[in-house]
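After the sequence you'll find the predicted model.
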Amino acid sequence: MNGARILFECLKKEGVDTIFGYPGGQALPMFDELYKMSDEIKIVLVRHEQGAAHMADGYARSTGRVGVCLATSGPGATNLVTGIATAYMDSIPMIAITGQVPTSLIGNDAFQEADITGITRPVTKHNYIVKDIKDLAQTVKNAFHIATTGRPGPVLIDMPKDVQVNETDFKYPDVPNLRGYKPNYEGHKLQLKKAAELIEKSERPILYAGGGVILSDSSKEIVELAEKLNVPVTTTLMALGCIAPDHPLNLGMLGMHGTRYANYAVQESDLIIAAGARFDDRVTGNVAEFAPHAKIIHIDIDPSSISKIVKVDVPIVGCTKTVLKALTSMVKKQEHKEWIGQVNEWKRDYPLTYIDSDTELKPQYIMEKLSELTKGEAIIATEVGQHQMWAAQFCRISKPRNWLTSGGLGTMGYGFPASIGAQAAYPDKLVICIAGDGSIQMNIQELATAVKYNYPVKVMIMNNGYLGMVRQWQELFWGKRYASSNIEASVDFVKIADAYGARGMLIEKKADVEKAMKEAFAYNGPVLMDFRVAREENVWPMVPTGASLSKMIEGGLA
Amino acid sequence: MQKKTIAVTVENQPGVLARVSGLFAGRGFNIESLAVGETEDETMSRMTIVASGDELVLEQIIKQLNKLIDVIKVVDLHDEPFIARELALVKVNTEGRSKEEIMNVVNIYRAKVLDVAPDAFVVEVTGTDEKIKSFIGIMGEYGIKEMSRTGTIAMTRTKKTQETNRKEK
């Protein structure tokens, strides 16, 4: 069996049914095999390799399974890099496969040669170049094991062309051979005991849930612990969906554009139970002033996430799911009446809101309408910027894995291909991409992919003619000098949709929003919706960079 | 700022050194010295890394090293008594100087002269970082033409010696 075939036989054993890819010279043997195997593995042909990487990522986030992307050597491989880095920052299980020049040419600056293992070393969990076909099956086994266990992440396998065409016997190994890699899933008993003791003593505890809760499918466990202790839950951008939006203990998102009540609760708490979260700078605000009264219990599968930003009192290395379960069984039922009363008071006094308008179309209104029409059941992917924050604040994400957003790397151009990846996994679900007029143009070529395979994603562009988040910062912190952030009337999105064979819609009035959405959702095919929104709307509330979480500003609403 | 000596057992494969050095560069960790060599098991190499930073940074360094897939074992040598040695080759100027005087210093440091030329000696000296520094300091007065240092290699003392030492105390 040749190397290319062995590779895909291994993928089949790992349950892979879809690959997002783009061919090229040094990947030809692999594409040739895929051609022969077309009824076993589906290849989704993209229009740019970056799109393939983000689609694999969207597929992985929405399903919990590994996403696979495939590109040729050199420029094909380097085009994957942003997508790989995006997956790495958000700990998404992904396998990226690249063609490579034959082993005899490596290092010669051959045509379309790039040292892709060198280039991706800091943005992959691990990577491989297969130099001998005899190592291939074991390498793939290891790669999948690494990508999916412990703290998940992308793994790249570089496939020189001679390895793709050489022949050997195929046997898929049962186990990985990785003596240096043994992630720890069970929390240390003594640490668990310490944590339970802290929880018993605490009067104002708060649960702080991060992306790890979604990745380890421990949403149920978070809610169970929260309910047993009767403590509020705040989620990071990555953990939206782990607790129902209308759950009385849900405080929504914390941090820079979080809710006031979540941030106040964190600042006033005497105990933070962090689960699968990493105290990102967008979450903590000024670290020195972060939660000054709180002791911290930190549950994470990755020891290096613990005590990286803030010093932790009780570190628990282990799988969020296992540890939360154990903790829940160890603690007594509690009430925290006074504390919950205080939190509810903040909720009442500082609600998340905006000033609606009859003359201008407000993006927040669109988000609310979207949630109302979809009942929070749609899969929502976002690009990066103001629209992403409005979506996080005002869209109701009612289930884990229904929210796909680039949190760590903040990649513009992520959302649209990610929504296609999710749609490929769930052909019958409503998949929506919320975008800005800036972001959507970063991978708009994937409209061709959506049309070709009839992935009926609905792209809702919050078109304000600005790179809105950049403009907001310039307004607030750079003397309203809108340097390179005005992109007004750069493109006619309806015509673009038309040119690609998708449906385009222009929505300018509030009164048309609901009707347009209903029409778009009922349409069997991709739709590009151009919402002309209030140009200089800002995302509020906001913690300015370097400020404490308790010092939120709120421009138009103050 | 503290210093830490760390022994890292890694897969003996191409690219592993790049993963380790890339980690230090990418995360802005300070590396004082790094020495690599084969071990008693030819499938493994051993790196001795001397790193510096505050307590949190040094903790991160160990955790991040542990995260690398090709890293088999990370030992913070400071957890137990350990021996650290370094070797340096020093080409020292002898022109217009008393060779005998230089030889005296070389003998005091139990160093070895490896090569003699009319105007210079090449001296090999081994020992702790402090000893090497002190030797270099003195040689500097004669004039060092060229120098090459290995970086520290280290290992823990055997359990038996540790016990004897404790008893002696």
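Received, thanks.

alpha carbons only for contacts and neighbour counts from here, please
Noted.

Find me the pLDDT at residue 52, would you?
With no chain named, the answer covers chain A. Reported pLDDT at A:Ala52 in the predicted model: 98.

To clarify, I was referring to chain B.
Looking at B:Ser52, its pLDDT is 96.

same thing with A:Ala489?
On the pLDDT scale, A:Ala489 gets 83.

cool, A:Gly376 as well?
pLDDT, A:Gly376: 88.

tell me the secondary structure for B:Ile69?
coil (DSSP: H, G, I helix; E, B strand; the rest coil).

what does chain B have sitting close to chain A?
Taking CA under 8 Å from any CA of the partner chain, the part of chain B that reaches chain A is made up of B:19, B:22-23, B:26, B:56, B:60, B:63-64, B:67-73.

Is it possible to mark the buried ones in those residues?
Neighbour-count burial (16 or more other CA atoms under 10 Å in any protein chain shown) is assigned, among those, to B:19, B:23, B:60, B:63-64, B:67-73.

So which of the residues you listed is the closest to chain A?
Taking CA to the nearest CA as the measure, chain A lies nearest B:Ile72 of these, at 3.8 Å.

mind listing what that closest one touches?
Each residue near B:Ile72 by CA atoms under 8 Å, 6 or more residues apart in numbering or on different chains is listed here: A:179-181, B:8-11, B:66.

quick one: which of these has the most company?
B:Val10 (26 neighbours; other CA atoms under 10 Å in any protein chain shown).

Starting from the strand or helix carrying B:Val90, tell me the next helix or strand along the chain.
Here B:Val90 sits within strand B:82-93, counting by DSSP states H and E. Following strand B:82-93 in sequence order, the next helix or strand is helix B:99-108 (DSSP H and E).

how near is the residue lying farthest from the centre of chain B to B:Glu146?
Most distant residue from the mean C-alpha position of chain B: B:Gly96, 32.6 Å away (CA atoms, centre = their mean). Relative to B:Glu146, B:Gly96 is positioned 18 Å away (CA to CA, to the nearest Å).

Where do the domain boundaries of the chain fall?
Looking at chain A here, since you left the chain open. As given by automatic domain parsing, the domain ranges for chain A are A:3-165, A:189-349, A:363-532.

think we crossed wires, I meant chain B
B:2-79, B:83-154.

Just the terminal-to-terminal distance for the shortest one.
Which is domain B:83-154. End-to-end span of domain B:83-154 (CA to CA): 5 Å.

and if you look at the first one?
Length of domain B:2-79, first residue to last, CA to CA: 15 Å.

pLDDT check: weakest of the residues of chain B next to chain A?
Among the residues of chain B next to chain A, B:Leu56 has the weakest pLDDT, 91.

my read: that one touches A:Lys308, true?
Yes. Contact criterion CA atoms under 8 Å: B:Leu56 and A:Lys308 qualify, at 7.1 Å.

Adding distance to A:Asp90, write the buried ones among the residues of chain B next to chain A out as CSV.
Shown next, in CSV, are those (distance: CA to CA, whole Å):
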residue, distance to A:Asp90
B:Arg19, 21
B:Leu23, 19
B:Gln60, 19
B:Lys63, 19
B:Gln64, 17
B:Lys67, 16
B:Leu68, 18
B:Ile69, 19
B:Asp70, 22
B:Val71, 23
B:Ile72, 25
B:Lys73, 26
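
follow-up on the earlier one: so which elements touch the strand holding B:Val90?
The contact analysis (3 or more CA pairs under 8 Å, 6 or more residues apart in numbering or on different chains; DSSP states H and E) places strand B:82-93 against strand B:120-127, helix B:129-142, strand B:144-149, strand B:153-156.

ok and that strand relative to strand B:120-127, angle-wise?
With axes from the mean of the first three to the mean of the last three CA atoms, to 10 degrees applied, the angle from strand B:82-93 to strand B:120-127 works out at 170 degrees.

Would you reformat the domains of chain B as JSON lines and include distance to A:Ala294?
Below are the domains of chain B laid out as JSON lines (distance: least, CA to CA, whole Å):
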{"stretch": "domain B:2-79", "distance to A:Ala294": "19"}
{"stretch": "domain B:83-154", "distance to A:Ala294": "41"}
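
Just give the closest residue to A:Lys220, not the sequence neighbours.
A:Cys242 (7.6 Å; CA to CA, 6 or more residues apart in numbering or on different chains).
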